[in-house]
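> Provide a 3D model corresponding to the input given below.
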Amino acid sequence: MPIPRSYLFVPGDRPERFDKALASEADAVVLDLEDAVAAPAKDAARAAVAALLASPTLAPRDAARLVVRINDAATSGFEADLALLATGRAPAVMLPKAERIATIERVRAACPGIAVLPLVESARGVLAAPALAAAAGVQRLVFGTIDYALDMDLQGALAPTLGLDTPAALLALASRAAGLGPPVAGVTVAIDDPAQLRADMERARALGFGAKLCIHPRQIAPLHALLAPGDDEVAWARRVLAAAEAAGGAAVQLDGRMVDRPVIERARRIVHAAR
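Next up, the predicted model:
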């Protein structure tokens, strides 16, 4: 499957919402056993998630879209979550409070072959990002902005921008250096504010992110539209590729500007994304 642009959370203890989440246009659906589930409901959430994963009516395409966010290694629910994943039916796991390679290795030992998405939510996690990104089985990094802001005690009007830019850039750099896809941006808590969603994703995109966590299906369509190349951008990219082909791959001028290898590669990516 193509690398996801959107990850839609659904509480693990709300099985009546599973079908709605899977019917959305979200590229990935995150079955949440962690923050969205109160402590008394954890066992019921595991049972509901296990039932979905084992359902004979679950379409293969939908099964491939599923990610399970487990509880972190410092909690009592971690081992129970690993036992659920050990059934081998979940293709990917989101690991919260990711800070140590050893925790990723524990997950992979319990669930061989599972793809891991480390959720970086602390200063230690950010500083460990290069090692986390390079660990075996890691698919891509995820930035847990709300918990990170809490960990760092970010406050004031500039906190959502200045306070998050440096760690976000470090996650993007670590991802690129490890050969991973671009990392996943944190949630926008304002469900009915497309302007805020756009602003958040545009800033994340400028820092090297290529996907976003979502908390409501209404956020999916505007997010995908934002991440898709515009018509003018696609037209420019096709003109660049045509000019490059006519020049036999050599540097060429187009609209008074030099078109060389990096520009041609950028044009290829735009056309690929448009498809």
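> residue contacts, the residue nearest the centre of the chain?
In the chain, the residue lying closest to the centroid (CA atoms, centre = their mean) is Val184, at 3.3 Å. Val184 makes contacts with Tyr7, Leu117, Arg140, Leu141, Val142, Phe143, Phe209, Gly210, Ala211, Lys212, Leu213, as judged by CB atoms under 8 Å, 6 or more residues apart in numbering. In short, each C-beta sits where N, CA and C put it, glycine included.
> try 7 Å
Val184 sits next to Tyr7, Arg140, Val142, Phe143, Phe209, Ala211, Lys212, Leu213 when contact means CB atoms under 7 Å, 6 or more residues apart in numbering.
> and which of those is nearest Met152?
Phe143 (12.7 Å; CB to CB).
> any idea how many residues pack against the closest one?
29 (other CB atoms under 10 Å).
> strands along the chain, start to end?
6-11, 28-32, 66-69, 92-95, 115-120, 142-143, 184-185, 211-214, 252-254, 257-259 (DSSP state E).
> redo the ones you listed as CSV? Include mean pLDDT.
Output for those, formatted as CSV (pLDDT from 0 to 100):
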stretch, mean pLDDT
strand 6-11, 98
strand 28-32, 98
strand 66-69, 98
strand 92-95, 98
strand 115-120, 98
strand 142-143, 98
strand 184-185, 98
strand 211-214, 98
strand 252-254, 81
strand 257-259, 83
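> for Val116, see how far away Ala131 is.
13 Å (CB to CB, to the nearest Å).
> on that earlier part again, export the strands of the chain to TSV and append columns for distance to Arg239.
Listed next are those as TSV, based on distance: least, CB to CB, whole Å:
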stretch	distance to Arg239
strand 6-11	30
strand 28-32	34
strand 66-69	38
strand 92-95	38
strand 115-120	37
strand 142-143	35
strand 184-185	31
strand 211-214	28
strand 252-254	7
strand 257-259	9
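> who's more crowded, Ala131 and Val116?
Val116 (23 against 16).
> ok, back up a step: reformat the contacts of Val184 as JSON lines; add distance to Ser122.
Formatted as JSON lines, the contacts of Val184 follow (distance: CB to CB, whole Å):
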{"residue": "Tyr7", "distance to Ser122": "20"}
{"residue": "Arg140", "distance to Ser122": "18"}
{"residue": "Val142", "distance to Ser122": "13"}
{"residue": "Phe143", "distance to Ser122": "11"}
{"residue": "Phe209", "distance to Ser122": "18"}
{"residue": "Ala211", "distance to Ser122": "21"}
{"residue": "Lys212", "distance to Ser122": "20"}
{"residue": "Leu213", "distance to Ser122": "17"}
